[in-house]
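**Student:** Predicted coordinates and the sequence they were generated for:
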Amino acid sequence: MGINNAKNKNCFIVRLFHCSIVSLLKRFYNNEAMKPRKHETMKPSILLLLTTIFFSSCFLTKPAVKKEDQEKKEDKEIVVIDSVKDDDKKDDVKNDLKLLDEYHISVLLPFNLDTVDLFSIDPDEDDFPRTTQTSVQFYEGMMMALDQLKNQGLKAVVHVYDTESNEYEINSIIKDADFIKSNLIIGPVAGKQVQTVADFAKLNQIPMISPITSANNISGNAFFVSMNPTAKIHAQAIMDYAYSKFTDSNIMMISEKTESAEELADYIRSYSARFSHDTINTFYTGVYVDQKKAEEQLKVTLPNVIIIPSFDEAFVTSVTRTLSQLADDYQITVFGMPNWIDFESTRLDYYQLLNLHITDAFFLSRVEMIEHPIFSDYSLTYQAEPGEYVYRGYEIMYYFGKLIATKGLSMMDYLNDEEIKKSCSSPFDMQLVNHGKTDMIDYYENHHVEILRLMDFELVKAE
C-alpha cells in the first residue's frame, strides 16, 4: 500500500466504516423483530449489525435493565456459530488432544459503545473514535474467519464483549457466567485490562491471545500469547538485518535521553556484541538535535546505517529533519520503529531521502492483499477494500480458531503447527519467552518481524 494512501487510510477507513454502518442500520431497523421495544433500553449494536452479514443464526442478548443498573450492565453480544447445546463441560474430552463437541471463544475489544451515538453520526464526517474503527475492522475480519472455520467443521459459541475504556467493565466481564466458560480468549487491548484478563486466564488455564498489546509486564503465564512482539524483538530484527546486509558500514545509533529509550538502546548495544567486538557507537541527544554534532558521527567514505530506537513523534521528526539536511553529502540509511509511518508531523520526503527501513509484525503487500481469501467477499459486501485490521482480525482468529478446532484443549502444545501455519497468509512464529528469573515459562510471543523499506513513497518488504 502506498504511503500516500496509507496517510489517507484513516479517512478511507472511516468512510468505509460509515458506509458499512449506514447500510447495516437500514437492514437492522427494517427488521421489526430486532427493533427496540417500548420502555426498553437497548443500544444499536455494531456487533449485531455486522453479525447479520455473516451469520444467519445469530441473536442478541440484551435484557431490559433498570435505570439505576444502567452503568453496571455489560454490553455483550453472543454469536452462535453452529447449533450447540449449552451444557459444555471441560471434562468432556474425546481423546488425547482433548477435543470437545463445541468451544466457547470470548472476544474482548474496545468498541466503546457507551460513548458512540450511532443515531447522531453524520456519514460525511469522521466522527467515530479511532479505537472503535479499529475494533470494528478487527471484528469484521474475525467474523469472516469464523465463517470459514464453520464451513470446516468448527462448532463454537463466540461471546463478544465491549470492554469500553474503564477497569470496572473488565472486572465485571471476568465474572460473567459465559466468560468463565471460555476455552479461548482473544483480547483485550488496553494495558491494565490485558493484565487483569491475563491473571484470570492463568488462574483458570485458558489460552489468552493478546492481538495488539505487547507482553511488557507478563510473567509466569504459560497460557498467554502475545501477537505483537516487544520493542526488543523489533530491535533484534533490525540488528540481524543491518549486520547481514551492511557489512562494511558505519553502524551507529541515535537515542533520545529518556529512561525507556536508554533502556532499549542499552539492549541494542548488548545485542550488537554478537556481531562485533566494538561497541556500537551511540549518540544521545535531546529533542533538539545539533546538526554539527550529528555530522561528527558520520563517515564520508562508508555507508552510514543509523538505528533510531524511538517511538516518540517529536524526537523522530527532529532527528529525521536534521539527518535529511546531511543526506546530500553522506550515504545514510535509517532504521526506525513500526509506528513511524503513522506520524503526522514527520515529512515523508525526509524518510525517502534517508532510505528509511522500519519493522512491522504484520504486513501484507498489495498483491498479497488482493490474493487474500477475504478480499473478494469483503469488497462485494461493502463495495470497498478491507482495511489493515480486517486482515489482522481474520489471520489471528483463523490461526487460533483452527488450532482449537484441530487440537482442542491441547492447543498450547501446538502453537507452531506447520499445517496450520501453511493455511495462513501471515508467517507467525510463536516462541517461548523466559526472562531468566525462574524456570517457568513467562509467556509465548510471536517473533515474526518484517523489515520494510520505503521505495518511491511505498512500503515494500526489504530483500
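**Tutor:** Sure, I can see it.

**Student:** Contact partners for L415?
**Tutor:** Shown in contact with L415 (CB atoms under 8 Å, 6 or more residues apart in numbering): V225, L403, M430, Y444. C-betas here are computed from N, CA, C, even on glycine.

**Student:** The closest residue to F362 other than its chain neighbours is in what secondary structure piece?
**Tutor:** Spatial nearest neighbour of F362, excluding adjacent residues (CB to CB, 6 or more residues apart in numbering): R392 at 5.7 Å. Assigned by DSSP states H and E, R392 belongs to helix 388-407.

**Student:** Give me the mean pLDDT for that helix.
**Tutor:** Average pLDDT, helix 388-407: 95.

**Student:** Now do it: which elements does it pack against?
**Tutor:** Contacts defined by 3 or more CB pairs under 8 Å, 6 or more residues apart in numbering; DSSP states H and E place helix 388-407 against strand 103-109, helix 130-151, strand 156-162, strand 184-186, helix 418-422.

**Student:** out of these, nearest to H372?
**Tutor:** helix 130-151 (10.2 Å; CB to CB).

**Student:** Can you get me the start-to-end distance on stretch 331-350?
**Tutor:** End-to-end distance for stretch 331-350: 14 Å, by CA to CA, to the nearest Å.

**Student:** Tell me the buried residues in that stretch?
**Tutor:** Using 16 or more other CB atoms under 10 Å as the test for burial, stretch 331-350 gives 331-338, 340-341, 343, 346, 348, 350.

**Student:** now, among these, which is nearest to L99?
**Tutor:** Minimum distance to L99 across those is 37.3 Å, recorded for P338 (CB to CB).

**Student:** hang on, the earlier thing: put together JSON lines for the helices and strands packed on helix 388-407, with mean pLDDT, distance to Q193 and mean neighbour count on each row.
**Tutor:** Shown next, in JSON lines, are the helices and strands packed on helix 388-407 (pLDDT from 0 to 100; distance: least, CB to CB, whole Å; neighbours: other CB atoms under 10 Å):
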{"stretch": "strand 103-109", "mean pLDDT": "95", "distance to Q193": "7", "mean neighbour count": "25"}
{"stretch": "helix 130-151", "mean pLDDT": "91", "distance to Q193": "12", "mean neighbour count": "22"}
{"stretch": "strand 156-162", "mean pLDDT": "93", "distance to Q193": "11", "mean neighbour count": "24"}
{"stretch": "strand 184-186", "mean pLDDT": "97", "distance to Q193": "12", "mean neighbour count": "26"}
{"stretch": "helix 418-422", "mean pLDDT": "90", "distance to Q193": "28", "mean neighbour count": "12"}
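
**Student:** ranges for the strands of the stretch 251-400 of the chain?
**Tutor:** Using DSSP state E, counting those that start in this stretch, the strands of the stretch 251-400 of the chain run over residues 281-285, 304-307, 332-336, 357-360.

**Student:** and those strands as a markdown table, adding distance to R130 and mean pLDDT?
**Tutor:** A markdown table is the format used below for the strands of the stretch 251-400 of the chain (distance: least, CB to CB, whole Å; pLDDT from 0 to 100):
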| stretch | distance to R130 | mean pLDDT |
| --- | --- | --- |
| strand 281-285 | 31 | 91 |
| strand 304-307 | 29 | 96 |
| strand 332-336 | 22 | 97 |
| strand 357-360 | 18 | 96 |
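
**Student:** one step back: tell me which of the helices and strands packed on helix 388-407 lies nearest to A231.
**Tutor:** helix 130-151 (20.5 Å).

**Student:** so what secondary structure elements neighbour the closest one?
**Tutor:** Looks like helix 130-151 contacts helix 3-30, helix 46-54, strand 103-109, strand 156-162, helix 375-382, helix 388-407 (3+ CB pairs under 8 Å, 6+ apart).
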